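Novice: Model the following, please.
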Amino acid sequence: MKADMNGHLECAKILAGEEEERNALQFTDLITAAVCGDAEGVQQHISQAGQKDANGMTALMRAAGNGNLKCVKVLAPLEKGAKNKYGKTAMMFAA
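Specialist: Numbers count the residues shown, from 1 in each chain. Reported below is the predicted structural model:
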């Protein structure tokens, strides 16, 4: 799998069908794309912007935490300022 070969093990696990883990975290398709650094997937699922996973994380927070700049650029105008259930913003995950 290309994602695995490129060192994106977390992304490879999600894409390889670990539905239980994805469902437990309540990842939307947008959040999954953001975690994986898939800017095209982010564009495809942009209507899900603002939705949060089980930890209150948005796609922007996940993308920022993983250093996925292309995804951050797409998501920032839509989700910046949002806070997770611990009061953290995407800026805090990027730092």
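Novice: elements contacting the lengthiest helix in the chain?
Specialist: Looking across the chain with DSSP state H, the single longest helix is helix 69-79. Contacts defined by 3 or more C-beta pairs under 8 Å, 6 or more residues apart in numbering; DSSP states H and E place helix 69-79 against helix 29-36, helix 39-44, helix 59-65, helix 90-94. C-beta coordinates here come from the backbone N, C-alpha and C atoms, glycine included.
Novice: Ala59: what's its closest spatial neighbour, skipping adjacent residues?
Specialist: Excluding the flanking residues, the one nearest Ala59 by C-beta to C-beta, 6 or more residues apart in numbering is Ala34, at 3.8 Å.
Novice: dump the residue contacts of that neighbour.
Specialist: Val42, Ala59, Leu60, Arg62, Ala63, Asn66, Asn68, Cys71, Leu75 (C-beta atoms under 8 Å, 6 or more residues apart in numbering).
Novice: average pLDDT across stretch 51-61?
Specialist: Taken as a whole, stretch 51-61 has a mean pLDDT of 95.
Novice: So for Thr28, what's the pLDDT?
Specialist: Model confidence at Thr28 (pLDDT) stands at 89.
Novice: Relative to Asn68, how far out is it?
Specialist: Look at Thr28 and Asn68: by C-beta to C-beta, to the nearest Å, they are 16 Å apart.
Novice: now swap in Lys88 and tell me
Specialist: 17 Å.
Novice: And for Asn84?
Specialist: With C-beta to C-beta as the criterion, Asn84 and Asn68 are 17 Å apart.
Novice: Among Lys88 and Asn68, which residue is more densely surrounded?
Specialist: Taking neighbours as other C-beta atoms under 10 Å, Lys88 and Asn68 compare with Asn68 leading, 24 against 16.
Novice: Who are the contact partners of that one?
Specialist: Asn68 neighbours (C-beta under 8 Å, 6+ apart): Ala34, Val35, Cys36, Gly37, Ala39.
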